[in-house]
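>>> Everything below, folded, please.
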Amino acid sequence: MINIALVDDHIVVRSGFAQLLSLEQDMTIAGQYASAASAWSALLTLHIDVAIMDIAMPDESGLSLLARLRKHRPSFRAIILSIYDSTAFVQSALDAGASGYLTKRCGPEELVQAVRTVHAGGKYLCADALLALRRIQQTPPVLQSLTPREREVFNLLVSGISVRTIAERLALSHKTVHVHRANVLGKLQCETTVELVHFALHHQLIAGS
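Here you go, the predicted model:
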């Protein structure tokens, strides 16, 4: 029997997944949690084979929670479920130790397949996540001076996302994100985020309006 924990602050999502997975004869829902704080002790002590975790939660991101859990339980297996399919989020999930990544557009059969794959010790990435990773491998020459983390920050900055939000999404401190932002600006010879956006437009790294 595969013991599953659901960590998502949306009760409709949790209950829907619980009903869906409970239909499988080899799966049972061992716990449902609406926040990282309520999930923390249970995920450390209960026998959980696979956790399905949302990235965006009110008290702490799922990525940060997963990274903390794996420091105590290195073999902890989790599937990150998110509305986001950007390169930055997929790579951050893998860096945090996720065994799987699904977007909330995935179908019921894919969710079940992901749980079984991860429980068996494998990794499961949905098609959107795989495409995002291919984008990493096809880094434009003008960005090759940036580290992978700096490219993540660059992508989010030019998408109009604030430093505060980037810190929350990547599970980093504001200070760390500011350091990455300064490094990106310096390497690309830009002085402001606005100049960074113009740089991205000029090199066709983002689409103009």
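
>>> What ranges does the chain have for its helices?
Along the chain, counting by DSSP state H, helices occupy 11-22, 36-45, 62-72, 87-96, 108-119, 127-137, 148-158, 163-170, 174-187, 193-202.

>>> Any chance of CSV for the ones you listed, columns mean neighbour count?
Glycine gets a C-beta too; all of them are placed from N, C-alpha and C. What follows is these, written out as CSV (neighbours: other CB atoms under 10 Å):
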stretch, mean neighbour count
helix 11-22, 14
helix 36-45, 17
helix 62-72, 20
helix 87-96, 23
helix 108-119, 17
helix 127-137, 15
helix 148-158, 21
helix 163-170, 19
helix 174-187, 16
helix 193-202, 15
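
>>> between the ones you listed, which gets nearest to Met1?
Distance to Met1, taken as CB to CB, is lowest for helix 108-119 among the helices of the chain, at 10.1 Å.

>>> that older thread, how about the helices of the chain in TSV, adding mean pLDDT?
Compiled in TSV, the helices of the chain are given as follows (pLDDT from 0 to 100):
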stretch	mean pLDDT
helix 11-22	94
helix 36-45	94
helix 62-72	92
helix 87-96	84
helix 108-119	96
helix 127-137	75
helix 148-158	88
helix 163-170	87
helix 174-187	94
helix 193-202	89
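
>>> Can I get those in a markdown table including distance to Ile55?
Formatted as a markdown table, the helices of the chain follow (distance: least, CB to CB, whole Å):
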| stretch | distance to Ile55 |
| --- | --- |
| helix 11-22 | 12 |
| helix 36-45 | 11 |
| helix 62-72 | 5 |
| helix 87-96 | 7 |
| helix 108-119 | 16 |
| helix 127-137 | 12 |
| helix 148-158 | 13 |
| helix 163-170 | 7 |
| helix 174-187 | 16 |
| helix 193-202 | 23 |
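
>>> right, and Met53 touches Ile80 too?
Yes. The pair Met53 / Ile80 is scored as a contact, 5.9 Å apart, by CB atoms under 8 Å.

>>> Between these two, which contacts overlap?
Among the neighbours of Met53, those also in contact with Ile80 (CB atoms under 8 Å, 6 or more residues apart in numbering) are 62, 66.

>>> phi, psi of Gly107?
Main-chain torsions, Gly107, degrees, to the nearest 10: phi -90, psi 170.

>>> Tell me how far it lies from Leu23.
14 Å (CB to CB, to the nearest Å).

>>> Tell me the spatial nearest neighbour of Phe17, not counting adjacent residues.
Distance criterion CB to CB, 6 or more residues apart in numbering; nearest residue to Phe17, sequence neighbours excluded, is Leu6 at 5.6 Å.
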